[in-house]
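S.K.: What shape does this take:
(one chain, ligands or ions: 2)
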Amino acid sequence: MKGLMEPIKTLVSFKKGVVYPDGVNERKLNEMRGMYVDDFTFETLLSQDNPLIYEVKEINIPQEKGHIIYSTTTIYPGKVGKEYFMTKGHFHLREDTAEIYFCLEGEGYLLMQTKEGRASAIHMKPGVLGYIPPYWGHRTMNTGDREFVFLALFPGDAGHNYEIVEKHGFSKIMVEENGKPVLKDNPKYTL
Ligand code: PAN
Ligand code: ZN
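M.R.: Ligands and ions are numbered 1, 2, ... in the order given. Model prediction:
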């Protein structure tokens, strides 16, 4: 670590996440091309509108070993066809780093998978903490009808690898069937 950092305080609203973020990283529908199963519905939606799918409210923490980076993610409610609005998902560049997700508001799933395609999902609602062990890629989806908000904490030197997900996708998808979220095999997934 380079030098001594001064302690900081962060206000976090259960409903809205970080109150005074240093930065907000927005992902709109057009940045999610290829991620959803139903490409036709995706393009139809996009030709009408480009909704905000999720936003990450960040605090500036050095991206170095020894630090813990934290942020809140808000995923808005909605679907592309039957598939719920979700994050892009990633593995950490340093694969031996873990992460904690703590749900503050709303409802959703934390979907994890190994590079071999083995999947595991945790149902998230306020008070549920999901532990993402080292080596598991992770993506979250909003399966409720209001905003799904969670706090994420991860090692400063973890880094993000989106390429694996862009290339291969996740082995499972979360779709609505008879009004309920169901985990299904992703027909687009390639190992
Ligand atoms: C989270 C995620 C955040 C957005 O802070 O970065 O929820 O998801 P994507 O990064 O997949 O777009 C985290 O897991 N950080 O490591
Ligand atoms: Zn992560």
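S.K.: which other helices and strands contact the lowest-mean-pLDDT helix or strand in the chain?
M.R.: Every helix and strand of the chain was ranked by mean pLDDT, DSSP states H and E. The lowest is helix 163-168, at a mean of 95. Using 3 or more CB pairs under 8 Å, 6 or more residues apart in numbering; DSSP states H and E, the elements in contact with helix 163-168 are strand 137-142. All C-beta atoms are positioned from the backbone trio N, CA, C, and that covers glycine.
S.K.: Past the strand it packs on, which element shows up next along the chain?
M.R.: strand 148-155 (DSSP states H and E).
S.K.: partner strands of that next one, parallel or antiparallel?
M.R.: strand 68-75 (antiparallel), strand 99-105 (antiparallel) (DSSP bridges).
S.K.: close to ligand 1, is it?
M.R.: Yes: residues of strand 148-155 are located near ligand 1 by CB under 6 Å from any ligand atom, namely 152, 154.
S.K.: tally of neighbours for G23?
M.R.: 11 (other CB atoms under 10 Å).
S.K.: on that earlier part again, turn the strands paired with strand 148-155 into a markdown table, including mean pLDDT, mean neighbour count and distance to K188.
M.R.: Below are the strands paired with strand 148-155 laid out as a markdown table (pLDDT from 0 to 100; neighbours: other CB atoms under 10 Å; distance: least, CB to CB, whole Å):
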| stretch | mean pLDDT | mean neighbour count | distance to K188 |
| --- | --- | --- | --- |
| strand 68-75 | 98 | 21 | 21 |
| strand 99-105 | 99 | 20 | 25 |
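S.K.: Would you format those strands as JSON lines with distance to A158 included?
M.R.: Shown next, in JSON lines, are those (distance: least, CB to CB, whole Å):
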{"stretch": "strand 68-75", "distance to A158": "7"}
{"stretch": "strand 99-105", "distance to A158": "7"}
